[in-house]
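Trainee: Just the structure for this:
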Amino acid sequence: MSTSSDTVRTTAPTAPAPAAPETGAHTPEAAGVIRDARRRIDDLDGRIIGLVQERMAVSAVIQRERIASGGRRVNLSREMEVLAHYRNQLGRPGTALAMTLLELSRGRV
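Mentor: Numbering: from 1, shown residues only. Okay, the predicted model is just below:
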């Protein structure tokens, strides 16, 4: 027969609550570093988006000139070069990134 004093608790101890829940940090110092880094990432993301939009505009010029000269809108050998470049620089995920950039830059096919 078992009494309540014989019962063994099997729950794990809980981790202390984060000091800054929005960052997941457990110290104010870490929260500050994370907030600063996130601001840098937000700035970088804005710059990346601007560069992607610029790339799309340049690609549109190339496509327009290629078509005007009697060529095809898409140059598959060039796209393969771009895919290889991104893969070589960033590994396998670079290929997916390049595919997305190419899709954005092609416009409507």
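
Trainee: And S59, how close does it get to D45?
Mentor: Here the criterion is Cβ to Cβ, to the nearest Å. By it, S59 lies 21 Å from D45. Placement of C-beta: from N, CA and C, glycine included.

Trainee: which one of these two has more residues nearby?
Mentor: More crowded of S59 and D45, by other Cβ atoms under 10 Å: S59, with 17 against 10.

Trainee: low-scoring stretches of the chain, by residue?
Mentor: 1-16, 18-19, 108-109 (pLDDT under 70).

Trainee: At which residues are the helices of the protein located?
Mentor: Taking DSSP state H as the criterion, the chain contains helices spanning 28-68, 76-90, 92-106.

Trainee: Point out the most buried one among these.
Mentor: helix 92-106 (a mean of 14; mean count of other Cβ atoms under 10 Å).

Trainee: Give me the helices and strands touching that helix, please.
Mentor: Packing partners of helix 92-106 (3 or more Cβ pairs under 8 Å, 6 or more residues apart in numbering; DSSP states H and E): helix 28-68, helix 76-90.

Trainee: The shortest one packs against which elements?
Mentor: What it means is helix 76-90. Based on contacts counted as 3+ Cβ pairs under 8 Å, 6+ apart, the elements that helix 76-90 packs against are helix 92-106.

Trainee: From the chain's centroid, how far away is the helix it packs on?
Mentor: Relative to the mean C-alpha coordinate of its chain, helix 92-106 is positioned 12 Å out (Cα atoms, centre = their mean, to the nearest Å).

Trainee: I'd like the numbering to begin with 3 instead of 1 from here.
Mentor: OK, 3 is where the count begins now, so the last one is helix 94-108.

Trainee: by how many degrees do that helix and helix 30-70 diverge?
Mentor: Angle between the axes of helix 94-108 and helix 30-70 is 50 degrees (criterion: axes from the mean of the first three to the mean of the last three Cα atoms, to 10 degrees).
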